[in-house]
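[1] Following is a predicted model, sequence given first.
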Amino acid sequence: MRNTFRLPDTGRIDRGKPVSFRFNGTQHTGFVGDTLASALLANGVHLVGRSFKYHRPRGFLSAGAEEPNALVTVTRGAGRTTPNLPATMIELYEGLEAHSQNHWPSLSFDVGAVNDLLHPLFAAGFYYKTFMWPRSFWDKVYEPFIRQAAGLGKSPTQRDPDIYTSRHAFCDVLIVGAGAAGIAAALAAAKTGAQVILADEQAKPGGTMLKEHPARIDGAPSDTWLHTSLATLREAENVTVLERTCAFGVYHENFIGLRQALTDHQADLPPDQPRERLWKVRAKAVVLAQGAIERPMSFSGNDRPGVMLAGAARTYLNGHGVCVGHRPVIVTSNDTAWQSAFDLAGAGMSVSAIVDVRDTVAKGLVARADRAGIAVFTGSQVLGTSGRLRVSSITISSPKHAGQKKIACDSVLMSAGWTPSLHLWSQASGAIAWDDALQAYVPDGGLDGVFVAGAGSGKFGLAEALVSGWRAGAHAVASAGFELTAQAPAFKVRGEAISSPATPALTHPQGRAFVDFQNDVTTKDIRLAVQEGFRSVEHIKRYTTTGMATDQGKTSNINALATSASALGVAPHEAGLTKFRPPYTPITFGTLAALRRDETFQPVRKTPIDPWAEDKGAVFEPVSLWRRARYFPKAHETMHQAVARECRSVREGVGMFDASTLGKIEVVGPDAAEFLNRLYVNAWTTLKPGRCKYGVLLGEDGFIRDDGVIARIAEDRFHVTTTTGGAARVLTMMEDYRQTEWPDLKVWLTSTTEQWAVIAVNGPNAKRLIEPFIEGIDLSDETFRHMSYAEGTIAGVELRLFRVSFTGERGYEINVPASEGLRIWDMLHAAGADHGLVVYGTETMHVLRAEKGYIIVGQDTDGTVTPQDAGLAWAIGKKKPDFVGKRSLTRPDMLLPDRPQLVGLLTADAGKVLEEGAQVVSDWSATARPLGHVTSSYWSEALGRSIALALVAGGHDAMDTEVTVVAGRDMASATITGTVFYDPKGERINA
Amino acid sequence: MRFSFLSLLRNALAGQSLWTPQWPQAEPRKEYDVVIIGAGGHGLGAAYYLAKEHGITNVAVIDKGWLGGGNTGRNTTIIRSNYLYDESVGLYDHALKLWENLSQDLNYNVMFSRRGVLMLAHSVHDVQVFKRHVYANRRLGVDNEWLSPEEAQAYCPPLNIDPGARYPIMGAALQRRGGTARHDAVAWGYARAAAERGVDIIQNCAVRSISRDANGNVAGVETDRGFIAAKKVAVSVAGNTTPLMDTAGIRLPLESYPLQALVSEPVKPVMPCVVMSNTVHAYISQSDKGELVIGAGTDQYTSYSQRGALHIVEETVAAICEIFPIFSRMRMLRNWGGIVDVTPDRSPILGLTPVPGLYVNCGWGTGGFKATPGSAHVFAHTIARDEPHPLNAPFRLDRFRTGRLVDEAAAAAVAH
Amino acid sequence: MIQIHCPYCCELLPEQEFAYAGEAHIVRPEDPGALSDEAWRDYLFLRTNARGPYHERWRHVHGCSRFFNALRDTVSDRILVTYRMGEAPPAPPSEEGGDA
């Protein structure tokens, strides 16, 4: 029975291009221009899915993005599995492979359907009322069962091989929807030379024109008008036409997100092409021409396969040349569905009946039906349908037949009116008003720079679309600052489809009529919610889950609202409306992430010396955005062994360390010293040029924010260093004070972090290593003592040399222009063999500094530590009246004696290296007082034992006290000491 | 009617006809002992505990909209108590213990799901910070454990532990008792249980101002349905605290920021637990309905618009795809925003105010849902006794003067 | 994503070029040492957090790097006006703008 539903002469598919595809493993044929839905219908396949809760058999409800039932999983090779795609939106391509979802063992026989038999137990909100006893069953039995039952398709299990992209765009007028209204708007706007983007979610622009029998516009067939208009637009340099592009959200100030599908419709995936593109469009004006969505009728059994929207049947017929059934019955409350009856009858189908809930219908319609030999039942309601996997009959109440009538059929085509698509209008903060004739909301009033046209504005029909579209385009382009002088075309339309969607308010049945098809919400559920006191539409939505399925209520919201209103005994507009939230249709995560993926997720900052470290097999660690070499293992060395070796070599010979990530800020100007004086705790005005000082920076709350060595290069010039992660923060803070608090100070700031490569050379042989290469600086200890600064050259390269040490050994920090960093590094490294040189990483740096009690801001401090707490009170300039954070240091809590203070800890067992983060408590007992935590802890190769730093309550006055250190079940005894473990007299600095 | 399988069965046989409203539509009376402003989980819960534990039932909970419509119904429902400071752990673990029995206590299944909360460490600094959390929590007997990357992946199979990742996973802290709950059910369950004990729940009634008498004490509230006298007024309105407290002449150290969340389309179970990453700024779990529930950081500016920017969503989803590359083809179904009120130390303000008879519960930032039962419980105590419960005493307003902050953010977020 | 007019670059630019910098016109006290704990707390922590027009600071961090002031409606998020540091703050409009 292949393709018996495909009609020979209708439709807008490419019959010259047959396409084969598989659904649930069965091979079928369709044509280019088909959707998966139309192709399946052409093959007589209506059963395509199972519903969420009751696992009821389901077919196609619609022919568009609003589809709640026909969701499938498409697979095309490893990693390319996409669940929950509406078959109505999948373009057919050769080899397409799709599967239905949410059933076991098979689509036609699904064990889950037992839920349907038990539906009285599973009414709205049932899960809030049970599964509570016994308590432990929730985690172990009930919830796993619920979770397994829920969900539709399956998540992909492999990494997505596709790539995605994004771009910004700026235009004068963005038009959403390329139906008649959108195209007319684009034609108008384009005439002015304005930049226009016309976006449509479908593969082919045209909207409803592609779904109806051709009409005539200004004398030409509508298809010709469409073709010509699109050609005009495509040729215009100022117009961009985007197909397969859905406007999914309107954000602040006409900022609109578009999702453009690029490859999913192609049979052969082009290599290295993005699958989708995110457009971020800033438009001066927006025209919304999104059209309207048809509503299902609420009646018992309205969800059987074969029951669908009347307009969808017309789309399949006129768009794809597919009849959805040979013996359809039309069920409607408005005129538009009559067109479906006439079109199908005209295509040779035997339309069994038109059932209209209205008592009186326009005489012309009835006469046309009579001529087509279609039985008409007015004033009738649907009482139910039958058929297990496909509708086979419908029962109606018929005043004429004094009771009920059962009509055999193979499809039921329904329409309860049309709902203008207000999603984007509403997201843009547009007001809405209830339209009683439409039984739907329509846009109310205007909005700056946003214009609505066509059915989306509540005005239906081709002529109305063209006229309102042109008008909206003219208004939009005018609001974007362009003048439209061209006259509007006549837009004389003949032979257009019946378009009046006026409908009476519908009464809602008591039976199991589905409102939200995918989430299995019935009118009964909504009534039950109201009965249980859920009176706000948001409550009803959340209690019943209506409108929360993957279609986000596109077909169900108004029916749910009407049912709620009737249960509440109020008019629909008094019941309110739930909020429209983005996106309009679901948007792929990959598209949102776009280029932020893998190495471009966030940039990795690398130093000039990084290639050398990589070449030498360094193990790296991420530190803020940087990657830094953590240690340099020799063959088969563990981290512990490598670090011990690196530590030993630095203390015995010399070590080289890439310190280029240190933040660097040049502070220049006559008031530079005063500026630093006000910011940092230290006194700067007395620092002589050629000297350095260790600086501590607080926030106004008095807590340590950053630290670093600052050199005075000249009277009016400082070279400030910051922590690696703190550079940007410190510069921001400096700029803040400079620009807003002290604009009178003559001082300028420049970030120089990336200008300088920094090579720290530490160890007793440090001077011997560097001296031969340095010119213009006297390195003798008399003139260049510890904490000195000088400028000269190294191997002919500009040099800023610091005599500083973060290890306790004699130390130099060589700053050279970044471009020369690697060369100087290589040169020193080559010369190092004679001096016992080792290259060390951050881990060894951490050990060596901890042996000396030098703190790491962010490790030994945590944003709650004052200089006094950290033992840095000595750094505070005692004579300064003020500096940032000073006032906070005398707040009551800062003066308490039991604040956590930084101390050293020595374990009783010298071999025991404490865990960082381990808790310091007063003793071994269960009632021990908490005192603090271990901030830094290492094996000290120099001391042959473990060392640790800790923040301990009142620690500064508790030297030699024994404490207990707890890390989970692990406990150890330790003694509180000072923080300097190695070379307490500081003699090594000149060794 | 008491909820049970039996009541479901009886209604199934009776065409659901026996169910009655879960809470009545109350009209405001002239006077109450206590008026609670804000019918979210915190406010309704406080009313419930006032009635249940303190015998105070002449209580109204007033909301400008529908109950549970603020942050209670907008958050990503993560529940955990593995905070750093003992003060925080005390409060949040009190909440966690109440969560464990809340369905039974309220006779309303709030679907508290102990599926575990995994917090990812992506750097040596993260490892140090999270281990400090683990050991601090364990010292207090609160569960929290350290997992290697492999153990983390065993617990959460979709996790990408490739050491070559931009932010490699260097380990994770796991609190097994943590999890999620059904947010709406929390509001509804408290509302039903409070109403059953005589509390009036008044929806769609906006409070215009808090009134004080000649002595400066609280006198009641002006609403758009008239004046309601009250001996005590308790404010529990999250993002809208500042404008409301301004009417009582109280300024609080708060700023209101937009916070966005999003869900994917539903899929079969794939995420067995909650995963959070502070470094890449994202958190994720899977609802019982099958949706991936994803939260982001706040937008940068203060706002009352309940609307966030697209680039925050882009960044958040990129972060999720970085940790879970298999989710790249999943699709965002719904995205929304809430308003969170943030204090300087990212800890709540919970207790008395300088105005006698006026109490405030605010400043929960992005994490108030998890505290709901605990916060409501101690807030009720504070209102009933006119003094803080020991668990919320550290969260008094005065800490901003003394400097005794409970700075969870500073302790966790300062990188070096 | 809102748009911000930088009063120094004189251009309307996307939010992502800017960094928010909190409430405007909070001046650091001349002599913090003379302040009571209460007054210092107010300077450190109290912000208007207005619902409606709000004077606040932004920094054109990925541009000219300058701090400037703005009056923004926190209900619609729209920036009503921006002005340079040191300029007098414009009065908020008499009616609250924006959607609720």
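    Great, that's in hand. Numbers count the residues shown, from 1 in each chain, chains lettered A, B, ... in the order given.
[2] List the buried residues of stretch A:897-908.
    Residues of stretch A:897-908 classed as buried by neighbour count (16 or more other Cβ atoms under 10 Å in any protein chain shown): A:899, A:900, A:901, A:902, A:903, A:904, A:905, A:906, A:907. Every C-beta, even on glycine, is put in place using the N, C-alpha and C of the backbone.
[3] Ok, stretch B:277-289 next?
    By neighbour count on 16+ other Cβ under 10 Å, the buried set for stretch B:277-289 is B:277, B:278, B:279, B:280, B:282, B:283, B:284, B:285, B:286, B:287, B:288, B:289.
[4] try stretch B:215-234
    Across stretch B:215-234, burial judged by 16+ other Cβ under 10 Å covers B:218-223, B:227-228, B:230-234.
[5] ok, so of those, who is nearest chain A?
    Among the buried residues of stretch B:215-234, residue B:223 lies closest to chain A (Cβ to the nearest Cβ), at 18.0 Å.
[6] and whichever strand or helix holds residue A:975, which strands flank it?
    Assigned by DSSP states H and E, residue A:975 belongs to strand A:970-977. In the sheet, strand A:970-977 lines up against strand A:900-907 (antiparallel), strand A:962-967 (antiparallel) (DSSP bridges).
[7] Quick one: mean pLDDT for the last one?
    Read it as strand A:962-967. The average pLDDT within strand A:962-967 is 98.
[8] Name the nearest residue to residue A:428, ignoring sequence neighbours.
    residue A:250 (4.4 Å; Cβ to Cβ, 6 or more residues apart in numbering or on different chains).
[9] and the one you found, what does it touch?
    A:256, A:286, A:424, A:427, A:428, A:450, A:582 (Cβ atoms under 8 Å, 6 or more residues apart in numbering or on different chains).
[10] Same question for residue A:28.
    Applying Cβ under 8 Å, 6+ apart, the residues contacting residue A:28 are A:2, A:20, A:21, A:22, A:39, A:40, A:43, A:45.
[11] before we move on, the earlier item: turn the buried residues of stretch A:897-908 into TSV, including pLDDT.
    Formatted as TSV, the buried residues of stretch A:897-908 follow (pLDDT from 0 to 100):
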residue	pLDDT
A:899	97
A:900	97
A:901	98
A:902	98
A:903	98
A:904	98
A:905	98
A:906	98
A:907	98
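[12] any chance of those in JSON lines, with distance to residue C:51 too?
    Output for these, formatted as JSON lines (distance: Cβ to Cβ, whole Å):
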{"residue": "A:899", "distance to residue C:51": "38"}
{"residue": "A:900", "distance to residue C:51": "39"}
{"residue": "A:901", "distance to residue C:51": "43"}
{"residue": "A:902", "distance to residue C:51": "43"}
{"residue": "A:903", "distance to residue C:51": "48"}
{"residue": "A:904", "distance to residue C:51": "51"}
{"residue": "A:905", "distance to residue C:51": "51"}
{"residue": "A:906", "distance to residue C:51": "56"}
{"residue": "A:907", "distance to residue C:51": "56"}
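[13] now, among these, which is nearest to residue C:35?
    residue A:899 (21.9 Å; Cβ to Cβ).
[14] Wait, that closest one touches residue A:953, no?
    Yes. Assessed by Cβ atoms under 8 Å, residue A:899 is found in contact with residue A:953 at 6.9 Å.
[15] A strand includes residue A:800, no?
    Yes. Secondary structure of residue A:800 (DSSP: H, G, I helix; E, B strand; the rest coil): part of a strand.
[16] what residues are up against the residue of the stretch 101-250 of chain A found nearest chain B?
    Of all residues in the stretch 101-250 of chain A, residue A:151 sits closest to chain B, at 2.9 Å by Cβ to the nearest Cβ. For residue A:151, the contact set (Cβ under 8 Å, 6+ apart) comprises A:102, B:266, B:267, B:268, B:269, B:289, B:290.
[17] swap in residue A:51?
    A:58, A:69, A:102, A:303, A:517, A:518, A:519, A:520.
[18] how close does the closest residue to chain B within chain C sit to residue A:265?
    Chain B sits closest to residue C:45 of chain C, with a gap of 3.7 Å, by Cβ to the nearest Cβ. Relative to residue A:265, residue C:45 is positioned 56 Å away (Cβ to Cβ, to the nearest Å).
[19] before we move on, back to that, pairing partners for the strand or helix carrying the residue nearest to residue A:428, with directions?
    Element membership for residue A:250 (DSSP H and E) is strand A:245-251. Looking at strand A:245-251 with DSSP bridges, its partner strands are strand A:255-261 (antiparallel).
[20] and the closest residue to chain B within the stretch 601-750 of chain A, how many neighbours?
    Nearest residue of the stretch 601-750 of chain A to chain B: residue A:725, at 4.0 Å (Cβ to the nearest Cβ). Neighbourhood size, residue A:725 [other Cβ atoms under 10 Å in any protein chain shown]: 21.
[21] Can you tell me the element residue B:383 falls in?
    helix B:372-385.
[22] how about the helix or strand following that helix, does it reach chain A?
    Counting by DSSP H and E, the element after helix B:372-385 in chain order, helix or strand, is helix B:399-402. Yes. Applying Cβ under 8 Å from any Cβ of the partner chain, one finds helix B:399-402 in contact with chain A at B:399, B:401, B:402.
[23] what's the spacing between helix B:399-402 and its chain's center?
    24 Å (Cα atoms, centre = their mean, to the nearest Å).
[24] Stretch A:822-840 now?
    With Cα atoms, centre = their mean, you get 47 Å for stretch A:822-840.
[25] just stretch A:595-612 next, same as before
    The answer for stretch A:595-612 is 22 Å, by Cα atoms, centre = their mean.
[26] mind saving the C-alpha coords of it as PDB?
    Extracted C-alpha coordinates of stretch A:595-612, given in PDB (Å, rounded to 0.1, in the frame of the first residue of the first chain):
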ATOM      1  CA  LEU A 595      32.100  28.900  19.100                       C
ATOM      2  CA  ARG A 596      32.600  28.600  22.800                       C
ATOM      3  CA  ARG A 597      33.800  25.100  22.700                       C
ATOM      4  CA  ASP A 598      36.900  23.100  23.700                       C
ATOM      5  CA  GLU A 599      40.000  25.400  23.300                       C
ATOM      6  CA  THR A 600      37.800  28.300  22.400                       C
ATOM      7  CA  PHE A 601      35.400  27.800  25.400                       C
ATOM      8  CA  GLN A 602      37.600  30.300  27.100                       C
ATOM      9  CA  PRO A 603      41.000  31.500  25.900                       C
ATOM     10  CA  VAL A 604      44.100  29.900  27.500                       C
ATOM     11  CA  ARG A 605      46.700  32.500  28.300                       C
ATOM     12  CA  LYS A 606      50.200  31.300  27.700                       C
ATOM     13  CA  THR A 607      53.500  32.900  28.600                       C
ATOM     14  CA  PRO A 608      56.200  33.600  26.100                       C
ATOM     15  CA  ILE A 609      58.100  30.700  27.800                       C
ATOM     16  CA  ASP A 610      55.200  28.300  27.600                       C
ATOM     17  CA  PRO A 611      56.400  26.500  24.400                       C
ATOM     18  CA  TRP A 612      59.700  25.600  26.100                       C
END
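[27] Wait, a helix at residue B:242?
    Yes. Using three-state DSSP, the assignment for residue B:242 is a helix.
[28] from memory it sits against residue B:250, does it?
    No. Proximity of residue B:242 to residue B:250 does not meet the contact threshold set by Cβ under 8 Å, at 9.6 Å.
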